[in-house]
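A.B. asks: coords below, sequence missing:
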């Protein structure tokens, strides 16, 4: 969807002009706070009042669910950050993925940071739509529970940081600070809870949309055949005929590894190394989703196994693939490969490719399973309505992912976030001493900042 980028930048220009005109003609309601401009209104306050009064009984029950979700999100994000830091420091991932471990989610960040193979495009159009949904839902949820607890709301409005749009609801801070800790914590967690609910609702929308407008058209593989070899058993033969790879030998068999990965493995004195097996798929550098083998259509892994079962090791085959746009489902080009099949460990004909399941457990495993149930990660799909189908699919994808990420991030127990005060109130409530709450709040803030700094230092050292 390269052509859409032109329209996207035109939309960006129009949006910036609109923001400038909007703010310059409404200076009376405009306030500056640091680098932000706040446009204060009373918009939505009547709706918030109506909602809090009309659904008072459900909100009374829901407050405990909101509180539990706050703790769940906080535990989840601290665990994810700690695990990510550990893996980043103890593996060679910093050499493999050259993007910084922490970066802002801004329009076109996959292209800016070289992550197009991991993320679909984040157009400015997507960004504004998703950010609008996130901000309005998040802030109005704060406001609804604030009014449920009879806190006064002074104003609502929009926050502007250049072309980046946000929203806010301004409750009476003095009333909140005097309120019981439980009520404060529910108001703080209400925004992130609403973002999770929105993510779940749009997951259902995406499932309905995808299952009705997309059809299987090929099989995507994760990698060429891999093996793990003890470093003591490996001999370096030299540069291979495939650019960027070294050819290795171990126990009479040949293997391949990227030059940078080998150098990093030697430098870090690793005891073993992951290498590519000598297979026809690797030798031919086959890429893309497999759509045909000798004219036979391949639309699933079962199709692939069935067709390969008709051949013997050494048989020559013609394989057609669809090379996809990075991080997308649209086809950039088609290719053909002709080679002789290899033999797998069961003595059957094989291409020399593997399928790696993601997300083994925990939060990431659950997220992976949800998306896999909707869209099989090993299947290449075609849209019945062309590129428009993919455009809407990825818009829904970003709505889900960013709502969930904002919910997690906001519950980090760090000073400026909802999770910071939430954690402080929790420790205060447990210890019955506000001083300990403040100390714990400051300590965990510095701990989290230290984790981020350590990862960034490790990343910076990869360039030395």
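C.D. replies: Looks like it came in fine. All figures in this text were calculated on a predicted structure; none of them were measured in a lab.
A.B. asks: right, and residue 282 touches residue 350 too?
C.D. replies: No - using CB atoms under 8 Å, residue 282 makes no contact with residue 350, being 11.9 Å away. For every residue, glycine as well, the C-beta is placed using N, CA and C.
A.B. asks: which intervals of this structure have sub-threshold pLDDT?
C.D. replies: 1-2, 94-96, 162-163, 359-366 (pLDDT under 70).
A.B. asks: quick check, central residue of it?
C.D. replies: residue 401 (6.0 Å; CA atoms, centre = their mean).
A.B. asks: how close does that residue sit to residue 134?
C.D. replies: 11 Å (CB to CB, to the nearest Å).
A.B. asks: state the distance from the nearest residue to residue 179 once chain neighbours are set aside to residue 79.
C.D. replies: Of all residues not flanking residue 179 in the chain, residue 149 sits nearest, at 6.5 Å (CB to CB, 6 or more residues apart in numbering). Counting by CB to CB, the separation of residue 149 from residue 79 is 30 Å.
A.B. asks: the two: which is more packed in?
C.D. replies: Just comparing residue 149 and residue 79: by other CB atoms under 10 Å the higher neighbour count belongs to residue 149, 19 against 12.
A.B. asks: show me where the stretch 201-350 of the chain has its strands.
C.D. replies: 214-219, 223-224, 226-230, 235-239, 245-250, 253-258, 272-277, 289-293, 296-297, 316-324, 331-340, 342-343, 349-350 (DSSP state E, counting those that start in this stretch).
A.B. asks: need the ones you listed in CSV with mean neighbour count and distance to residue 154, can you?
C.D. replies: Formatted as CSV, the strands of the stretch 201-350 of the chain follow (neighbours: other CB atoms under 10 Å; distance: least, CB to CB, whole Å):
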stretch, mean neighbour count, distance to residue 154
strand 214-219, 19, 47
strand 223-224, 17, 56
strand 226-230, 13, 59
strand 235-239, 10, 69
strand 245-250, 19, 63
strand 253-258, 18, 58
strand 272-277, 19, 58
strand 289-293, 21, 55
strand 296-297, 12, 63
strand 316-324, 18, 50
strand 331-340, 14, 52
strand 342-343, 17, 71
strand 349-350, 20, 68
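A.B. asks: which stretch among these comes nearest residue 93?
C.D. replies: Nearest to residue 93 among the strands of the stretch 201-350 of the chain is strand 272-277 (12.3 Å), distances taken as CB to CB.
A.B. asks: and the closest one, what does it pack against?
C.D. replies: When contacts are defined as 3 or more CB pairs under 8 Å, 6 or more residues apart in numbering; DSSP states H and E, strand 272-277 packs onto strand 223-224, strand 226-230, strand 253-258, helix 259-267.
A.B. asks: ok, residues contacting the shortest one?
C.D. replies: Contact partners of strand 223-224, identified using CB atoms under 8 Å, 6 or more residues apart in numbering, comprise 276, 277, 279, 281, 282, 352, 353, 354, 356.
A.B. asks: need the contact list for the last one.
C.D. replies: Contact criterion CB under 8 Å, 6+ apart gives 222, 223 as the residues in contact with residue 356.
A.B. asks: gap between it and residue 225?
C.D. replies: In terms of CB to CB, residue 356 sits 11 Å off from residue 225.
A.B. asks: how close does the residue lying closest to residue 230 once chain neighbours are set aside get to residue 251?
C.D. replies: Among residues not flanking residue 230 along the chain, residue 272 sits closest, at 5.3 Å (CB to CB, 6+ apart). Look at residue 272 and residue 251: by CB to CB, they are 14 Å apart.
A.B. asks: do the same with residue 25
C.D. replies: For residue 25, the distance to residue 251 - CB to CB - is 76 Å.
A.B. asks: same check on residue 459?
C.D. replies: Taking CB to CB, one finds residue 459 at 36 Å from residue 251.
A.B. asks: residues of stretch 457-464 that come out buried?
C.D. replies: For stretch 457-464, burial by neighbour count (16 or more other CB atoms under 10 Å) applies to residue 459.
A.B. asks: pull the number of nearby residues for the nearest residue in space to residue 148 that is not next to it in sequence.
C.D. replies: By the measure of CB to CB, 6+ apart, the closest residue to residue 148 outside its immediate chain neighbours is residue 52, 4.5 Å from it. Residue crowding around residue 52 was assessed by other CB under 10 Å; the count is 19.
A.B. asks: so the residue lying closest to residue 32 once chain neighbours are set aside bridges to which residues?
C.D. replies: Spatially, and ignoring its direct neighbours in sequence, residue 32 is nearest to residue 38 (7.5 Å; CB to CB, 6+ apart). For residue 38, the beta-bridge partners are residue 31, residue 159 (DSSP bridges).
A.B. asks: how about the helix or strand hosting residue 68: buried residues?
C.D. replies: Per DSSP states H and E: residue 68 is located in helix 56-90. The neighbour-count check on helix 56-90 (16+ other CB under 10 Å) flags 59, 62-63, 66-67, 69-70, 72-74, 76-78, 81, 84-85, 88 as buried.
A.B. asks: what kind of secondary structure is residue 19 in?
C.D. replies: Using DSSP: H, G, I helix; E, B strand; the rest coil, the structure places residue 19 in helix.
A.B. asks: check residue 369 too.
C.D. replies: Following three-state DSSP, we place residue 369 in the helix state.
A.B. asks: burial measure for it, as a count.
C.D. replies: 13.
A.B. asks: and the gap between it and residue 193?
C.D. replies: Distance from residue 369 to residue 193, by CB to CB: 22 Å.
A.B. asks: and if you look at residue 82?
C.D. replies: Distance from residue 82 to residue 193, by CB to CB: 23 Å.
A.B. asks: again, but for residue 240
C.D. replies: Per CB to CB, residue 240 is found 54 Å from residue 193.
A.B. asks: these two: who's more crowded?
C.D. replies: residue 193 (25 against 18).
A.B. asks: ok but the more buried one is inside a helix, no?
C.D. replies: Yes - assessed by three-state DSSP, residue 193 belongs to a helix.
A.B. asks: pretty sure it is touching residue 70, no?
C.D. replies: Yes - Residue 193 is in contact with residue 70 according to CB under 8 Å; the separation is 7.1 Å.
A.B. asks: next, the closest residue to residue 222 other than its chain neighbours: phi, psi?
C.D. replies: With CB to CB, 6+ apart as the criterion, residue 222 has its nearest non-adjacent residue at 4.0 Å, and that residue is residue 356. Backbone torsions for residue 356, taken as degrees, to the nearest 10, come to phi -110, psi 120.
A.B. asks: three-state assignment of the residue nearest to the centre of the chain?
C.D. replies: Assigned by three-state DSSP, the conformation of residue 401 is helix.
A.B. asks: show me the contacts for it.
C.D. replies: residue 199.
A.B. asks: ok, now the one 10 residues further on?
C.D. replies: Residues in contact with residue 411, defined by CB under 8 Å, 6+ apart, are 70, 73, 74, 76, 77, 189, 192, 417, 418, 419, 422.
A.B. asks: could you redo the last one with a cut-off of 6 Å?
C.D. replies: For residue 411, the contacting residues are 73, 74, 77, 192, 419, by CB atoms under 6 Å, 6 or more residues apart in numbering.
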